[in-house]
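> predicted structure and sequence below. I'll ask about it afterward.
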Amino acid sequence: MINRRQFIKNTAMAGALASVVPSYTEASSRAIGIAPQKEENATPNTYQKDWMKLKFGMFVHFGINTYYDKEWSDGTLDPIRFNPVNIDTDQWCRVAKAAGMKYIVITTKHHDGFALWPSKYSEYTVAASPFKKDVVGMLAKSAQKFGLKLGLYYSIWDEHDVRFKTDWWAYMDFMYNQVEELLTRYGDVVELWLDGFWKKQKSGWSGKVKNIDGEAGFQKKSFERDLNFIQSWRNEGAYWWQMDHFYQFVKSLQPGCQVMNNSTTAYPGVPLHPVDIRSGEKYSEVVNDQKVWNWLGEDKYFPLQIETTMSVKGDEKFPSGNWFWHEWDHSVRPVDEIKKILNDASSMQANLLLNVGITNEGLLRPEDENQLLRLRQV
């Protein structure tokens, strides 16, 4: 039996040979399987249709950053502060349900590497905090109780684990092991939200967003620009992350789990193959969204998920609103604006994942709770 690391190494050698692709032309884009096609040529598969029926979900940002007034951190923050003494995952789900949401997605591990479950593959988890309890497990039970589907966000970039910079193959083993824990401990997972791919991709970026650090400014979409970016991802990012094998690994554990790879605010709606759904972070403008792309020689349909946040007051890195809770931030998106974004998402046949930053006590912000409870009443 070949072990996982040897398998990845073998596929990496093959991938290295396959990654030499000429610069963009329509013909070459078809050759590597990224050309968009007419939408009538493909329809969603059964799992995608089930996911699309969810329409509206809650995104939950919670972790070590919550306790240090940070949006992103470097993996060195002390877990001693992580102690949500009044945590109530039932409250999160109860409010989500009342607002008309049908699924909930939690940041199991952000870029800092702090895990909200007691992973046996890392010491940087809730187990090292005064709280000790499995937050992901608590939410899984609450979601089931309130009839919500569970989704999991997982940052593949990890600032805490030194192997990310020193021993890539060992880090890949670590990543696989953690994802296996997440997909085997908590029942059915409707969505796996991957983030942080850009730390292993140097090429393909336009000049303004060459170094992604925070919220990249939206730029006017260009068909050729998007195709060039996908080609760069396939040449470089997908090779390093061994994403073709990783996708198959996820499907071997949960065939119905919809895999998404965040393409950043600079490239919203661009599929980083192989995926099942596309990310449209802060993508609130109604556009003629391209849903059918050629992948592996066939026209495939890729639904869109738009993600935005209840906060509308951010900082220099995140000017349009915070994702994590900050004591100083009481800004909140108006109900009418939320309804407009929902309508815009519906017109684009997209799901909306609306983010809340959980407080240091483990509760929804009162501002968010009030607005979400009013949503079905206005």
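Looks like it came in fine. The shown structure was predicted, so the numbers you read here are calculated from the model rather than taken from an experiment.

> can you pull out the helices in the stretch 1-150 of the chain?
Using DSSP state H, counting those that start in this stretch, the helices found in the stretch 1-150 of the chain span residues 4-18, 26-31, 46-52, 89-98, 135-145.

> ranking these by mean pLDDT, which is last?
Between the helices of the stretch 1-150 of the chain, the one with the least mean pLDDT is helix 26-31; it has a mean of 33.

> correct me, but residue 158 touches residue 74?
No - here residue 158 does not reach residue 74: they are 10.9 Å apart, not a contact under C-beta atoms under 8 Å. Yep, even glycine has a C-beta here, placed from its N, CA and C like the rest.

> between these two, which one's more packed in?
Regarding residue 158 and residue 74, a neighbour count based on other C-beta atoms under 10 Å identifies residue 158 as having more, with 27 against 11.

> count of residues packed around the nearest residue to the more buried one once chain neighbours are set aside?
Nearest non-adjacent residue to residue 158, counting by C-beta to C-beta, 6 or more residues apart in numbering: residue 113, 4.2 Å away. Neighbourhood size, residue 113 [other C-beta under 10 Å]: 24.

> pLDDT score for residue 113?
Value for residue 113, per-residue pLDDT: 98.

> what do you get for residue 288?
Note on residue 288: pLDDT of 77.

> could I get the average pLDDT for the helix or strand hosting residue 178?
In the assignment (DSSP states H and E), residue 178 maps to helix 168-185. The predicted model assigns helix 168-185 a mean pLDDT of 98.

> show me what contacts the residue nearest to residue 226 when sequence neighbours are not counted?
Spatially, and ignoring its direct neighbours in sequence, residue 226 is nearest to residue 270 (5.0 Å; C-beta to C-beta, 6+ apart). With contact set as C-beta atoms under 8 Å, 6 or more residues apart in numbering, residue 270 has these partners: 226, 229-230, 263, 278.

> helix, strand, or coil at residue 270?
Of the three states, residue 270 takes coil under DSSP: H, G, I helix; E, B strand; the rest coil.

> swap in the one 10 residues further on?
With three-state DSSP as the basis, the three-state label of residue 280 is strand.

> okay, it: pLDDT?
92.

> repeat for residue 223
For residue 223, the predicted pLDDT is 80.

> roughly how far does it sit from residue 275?
Remark: distance between residue 223 and residue 275 (C-beta to C-beta, to the nearest Å) = 19 Å.

> now residue 327: closest residue in space, sequence neighbours ignored.
Nearest residue to residue 327, sequence neighbours excluded (C-beta to C-beta, 6+ apart): residue 69, at 7.1 Å.

> what separation do you get for that neighbour and residue 168?
From residue 69 across to residue 168, the span is 32 Å (C-beta to C-beta).

> same check, this time on residue 72
Counting by C-beta to C-beta - residue 72 and residue 168 are separated by 22 Å.

> with residue 279 instead?
According to C-beta to C-beta, residue 279 and residue 168 sit 25 Å apart.

> same question, residue 204
Taking C-beta to C-beta, one finds residue 204 at 20 Å from residue 168.

> which one of those two has more residues nearby?
Per other C-beta under 10 Å, whichever of residue 204 and residue 168 has more neighbours is residue 204, with 19 against 15.

> now the more buried one: closest residue in space, sequence neighbours ignored.
Of all residues not flanking residue 204 in the chain, residue 232 sits nearest, at 2.5 Å (C-beta to C-beta, 6+ apart).

> buried residues in the helix or strand where the one you found lies?
According to DSSP H and E, residue 232 maps onto helix 223-232. Residues of helix 223-232 classed as buried by neighbour count (16 or more other C-beta atoms under 10 Å): 225-232.

> same thing with stretch 242-262?
Across stretch 242-262, burial judged by 16+ other C-beta under 10 Å covers 242-247, 249-250, 254, 257-262.

> with stretch 279-296 instead?
Neighbour-count burial for stretch 279-296 [16+ other C-beta under 10 Å]: 279-284, 289-295.

> equivalent analysis for stretch 157-167, please.
Using 16+ other C-beta under 10 Å as the test for burial, stretch 157-167 gives 157-161, 164.

> about what we covered before: how about the residue nearest to residue 226, phi and psi?
phi -90, psi 120 (degrees, to the nearest 10).

> regarding residue 321, what is its secondary structure?
Residue 321 - assigned by three-state DSSP - is coil.

> residues contacting the nearest residue to it once chain neighbours are set aside?
The shortest distance from residue 321 to any non-neighbouring residue, by C-beta to C-beta, 6+ apart, is to residue 311 (4.1 Å). By C-beta under 8 Å, 6+ apart, residue 311 lies in contact with 321-323, 329, 331-333, 355, 357.

> check residue 154 too.
When contacts are counted by C-beta under 8 Å, 6+ apart, residue 154 is found next to 108-109, 178-179, 182, 192-195.

> same thing with residue 158?
75, 109, 111, 113, 164, 171, 174-175, 196.
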